[in-house]
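# What follows is a predicted structure for the sequence shown.
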Amino acid sequence: MNDRRKCELIIGTFDAERFWRDPNLARLPSLPDSEMENVVMAMDELLFPFCEAQDMLITRYRMNDCHKAYLHAIGFEFRSNSTDLERPEGGSASRTANIFDLITSADRMGDMDPQWLDGARLSPFAVIPGADRAASRYGLEQDFPDVETVQTVNSKLYSTDLNRRLGLRSDSQTVYSHEELLASGLTLLRQGPFLIKDEFGVSGKGNLLIESEAILRRVTSYLGDQCSKGRLVRFIIEPFLHKELDFSCQFHIDPDGTYRPISVQKLANHNFAYQGSFTADDSLLHLLQEAEYFEVMKLAARELYQAGYYGDVCVDSMLLTDGRIVPIVEVNARRSMSLIKHHVDRYLEKHSASGSMTHVTVQFACDVTFDELLEKLDREGVLYKPDRGFGILPLSANTLLINKVVSESKGIRHKQVKGRLYYSLIEGGQDNERLSAKVKDVLSSLSFKIVG
Amino acid sequence: MEEQIIAMICEIKDDVQLALSLNEHSNIMEDGGLDSLQLITFVLKVEERFGIEIDFEQFDFDLMESVTTFTRYISELQKTASV
């Protein structure tokens, strides 16, 4: 029984910000990409590195059998549901339900044995509405702050305010009307391009770079229309800073307030969209030590704890081209892609290896299976295995194939669809770029077209 | 107009070489490889360049199936705007 109490139920959704955001807030112009939304819905399979032996991972769509068998074979020990929580072709209506809503309303967690849940601890990727309800429904131990606190500290308004309270230089300002956005935006434009940030914008969405007065006027007019329909305008604006490097710091705040630093990861971002995480090198760590960056992180942790938050935190930071460090760009009071990468690193360390995490976006119409992809990678000698010591470790399968499943379930075959493969790149003695190119060659040979 | 559209895609992708592989038949999303953020930036720049307004909520992604289809759509919007 004691052993059973140590088990964790790992579960989450990667678009947590959507559930924290006030639906009454006006939105920046955007063109929804339903295929990428499907990919995001399938990303919960990336949570397996958080599992230890006997832990259970619950995913919206059951994990791919071949992928799971591969992960088990290389030493990841976890169990996961083998039925879908909802049909992948659920469509846009299903997007209003988060994973906690799904398991609460369905009154079951896929095909998992309810006995197992007895005494297990709920370990969410992010605390979003419904997490506490799901824990109560299944009698799971819950040790996380209330959702209102989590919502507050994840808002970009909190990050802006935190900079001020810590006495850090911040050029951000909050605007509360489209008129104010236009007036302040015109002032900023005199100095150069600036950013409009949504309070709960995420990587690649909810940020808009304004480079001209015409586009600023178009955006403010679009927001003005929403305002006349009763929506509230609240955005953060700041000058566009020329950066040398994006990086992030992961730390944990224990329930008693103890600060535990975890890792620093360099991030590859393109146009604000996450591309990958790489372990920080000694020169960056030295620079951060010199700049007393970690002291700022400690102070940020103290402020977060005083606001009622404890748990995992990922703070996004920047090194600018002029050498200035911006320690707090954004606080993510949740787990993160970089923390997943850190957990993969912990696994790799056991095999005396190290890696980076990245992804490739593809388009395809072919009928390729994940098994075929793994086989081909293996045949070409680039599928990671502990005894091989290098290669790629595929971290996801559903994100690659989900839109094919959706399309076929609608009776449409051979439609060109988008997919994304997340993977760890484990160098060993191999050249990173050659390995990366090899992965892309394998995907191309299976008729995947690389688009990003 | 088609050359202008291709040049704008290359500018947003920050890839001058891309122009070599794009033509009037190219699919703007697939061959241009625009993600959602790049797409909205592209559409806002198209609005600015051609003096039109695109309805974001009702936008039909089929219009991106080729550079030609998209330029025809822009021409139609220009005609409507000038009436």
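Thanks, I have it.
# Domain-wise, how is chain A divided?
Taking automatic domain parsing as the criterion, chain A consists of the domains A:2-144, A:156-239, A:242-337, A:351-451.
# if I pick residue A:410, what's in contact with it?
Residue A:410 is in contact with residue A:89, counting by Cβ atoms under 8 Å, 6 or more residues apart in numbering or on different chains. Every C-beta, even on glycine, is put in place using the N, C-alpha and C of the backbone.
# Residue A:425 touches residue A:434, doesn't it?
No - when contacts are counted by Cβ atoms under 8 Å, residue A:425 is not listed as touching residue A:434 (10.7 Å).
# how about low-confidence regions in chain B?
Within chain B, the ranges that satisfy pLDDT under 70 run B:82-83.
# no no, the stretch 301-450 of chain A
For the stretch 301-450 of chain A, residues meeting the criterion pLDDT under 70 lie at A:429-430.
# ranges for the strands of it?
Using DSSP state E, counting those that start in this stretch, the strands found in the stretch 301-450 of chain A span residues A:311-320, A:325-332, A:355-364, A:391-394, A:417-426, A:449-450.
# What strands flank the fifth one, and is each parallel or antiparallel?
Sheet pairing for strand A:417-426, assigned by DSSP bridges, gives strand A:355-364 (antiparallel), strand A:391-394 (antiparallel).
# Contact partners for residue B:36?
By Cβ under 8 Å, 6+ apart, the contact set of residue B:36 is A:30-33, A:36, A:204-205.
# Against residue A:168, how distant is residue A:161?
Distance of residue A:161 to residue A:168, given as Cβ to Cβ, to the nearest Å: 11 Å.
# And for residue A:72?
From residue A:72 across to residue A:168, the span is 46 Å (Cβ to Cβ).
# and the nearest residue to residue A:404 once chain neighbours are set aside, bridged to which residues?
Once flanking residues are discounted, residue A:404 sits nearest to residue A:417: 5.5 Å by Cβ to Cβ, 6 or more residues apart in numbering or on different chains. Beta bridges link residue A:417 to residue A:364 when assigned by DSSP bridges.
# Pull the residues that contact whatever helix or strand residue A:214 lives in.
Assigned by DSSP states H and E, residue A:214 falls within helix A:213-228. Contacting residues not belonging to helix A:213-228 are listed as A:26-29, A:177-179, A:181-182, A:185-186, A:189, A:196, A:208, A:210, A:233, B:44-45, B:47-48, B:53, B:56 [Cβ under 8 Å, 6+ apart].
# Touching, residue B:5 and residue B:46? I think so.
Yes - Residue B:5 lies in contact with residue B:46 (Cβ under 8 Å); the separation is 7.4 Å.
# Redo the strands paired with strand A:417-426 as CSV? Include mean neighbour count.
Formatted as CSV, the strands paired with strand A:417-426 follow (neighbours: other Cβ atoms under 10 Å in any protein chain shown):
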stretch, mean neighbour count
strand A:355-364, 22
strand A:391-394, 24
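# Next, work out how far apart residue A:208 and chain B are.
Going from residue A:208 to chain B by Cβ to the nearest Cβ, to the nearest Å gives 7 Å.
# now that residue, nearest residue through space, not along the chain?
In space, and not counting its chain neighbours, residue A:208 is closest to residue A:196: 4.7 Å by Cβ to Cβ, 6+ apart.
# quick one: contacts for the one you found?
Taking Cβ under 8 Å, 6+ apart as the test, what residue A:196 contacts is A:28, A:181, A:185, A:207-208, A:210, A:219, A:235-237.
# repeat that with 6 Å
Applying Cβ atoms under 6 Å, 6 or more residues apart in numbering or on different chains, we find residue A:196 in contact with A:208, A:235, A:237.
# so the last one is in which element?
So that's residue A:237. Using DSSP H and E, residue A:237 falls within strand A:235-239.
# Quickly note the distance from whichever residue of the stretch 1-150 of chain A sits closest to chain B to residue A:89.
Residue nearest to chain B within the stretch 1-150 of chain A (Cβ to the nearest Cβ): residue A:33, separated by 4.5 Å. Note on residue A:33: its distance to residue A:89, by Cβ to Cβ, is 17 Å.
# who has more neighbours, these two?
Just comparing residue A:33 and residue A:89: by other Cβ atoms under 10 Å in any protein chain shown the higher neighbour count belongs to residue A:33, 20 against 14.
# which residue packs closest to the more buried one, ignoring adjacent ones?
Counting by Cβ to Cβ, 6+ apart, the residue nearest residue A:33 is residue B:36, at 4.5 Å.
# and what of residue A:297?
Nearest residue to residue A:297, sequence neighbours excluded (Cβ to Cβ, 6+ apart): residue A:249, at 5.3 Å.
# report the angle between the axes of the host helix or strand of residue A:247 and strand A:311-320?
Under the criterion of DSSP H and E, residue A:247 resides in strand A:243-253. Counting by axes from the mean of the first three to the mean of the last three Cα atoms, to 10 degrees, strand A:243-253 points 160 degrees away from the direction of strand A:311-320.
# buried ones in strand A:243-253?
Neighbour-count burial for strand A:243-253, counted by 16 or more other Cβ atoms under 10 Å in any protein chain shown, picks out A:243, A:245-253.
# Report the backbone C-alpha coordinates of that strand in PDB.
Output of strand A:243-253 as PDB, limited to C-alpha atoms (Å, rounded to 0.1, in the frame of the first residue of the first chain):
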ATOM      1  CA  LYS A 243      18.300  39.300 -28.900                       C
ATOM      2  CA  GLU A 244      21.300  37.100 -29.200                       C
ATOM      3  CA  LEU A 245      19.800  34.200 -27.300                       C
ATOM      4  CA  ASP A 246      16.600  32.900 -25.700                       C
ATOM      5  CA  PHE A 247      17.100  30.700 -22.700                       C
ATOM      6  CA  SER A 248      15.000  29.500 -19.800                       C
ATOM      7  CA  CYS A 249      15.500  28.600 -16.200                       C
ATOM      8  CA  GLN A 250      13.700  25.700 -14.600                       C
ATOM      9  CA  PHE A 251      13.200  25.600 -10.900                       C
ATOM     10  CA  HIS A 252      10.900  24.000  -8.300                       C
ATOM     11  CA  ILE A 253       9.200  25.600  -5.300                       C
END
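# Could you verify that residue B:54 is part of a helix?
No - read with DSSP: H, G, I helix; E, B strand; the rest coil, residue B:54 is coil and lies in no helix.
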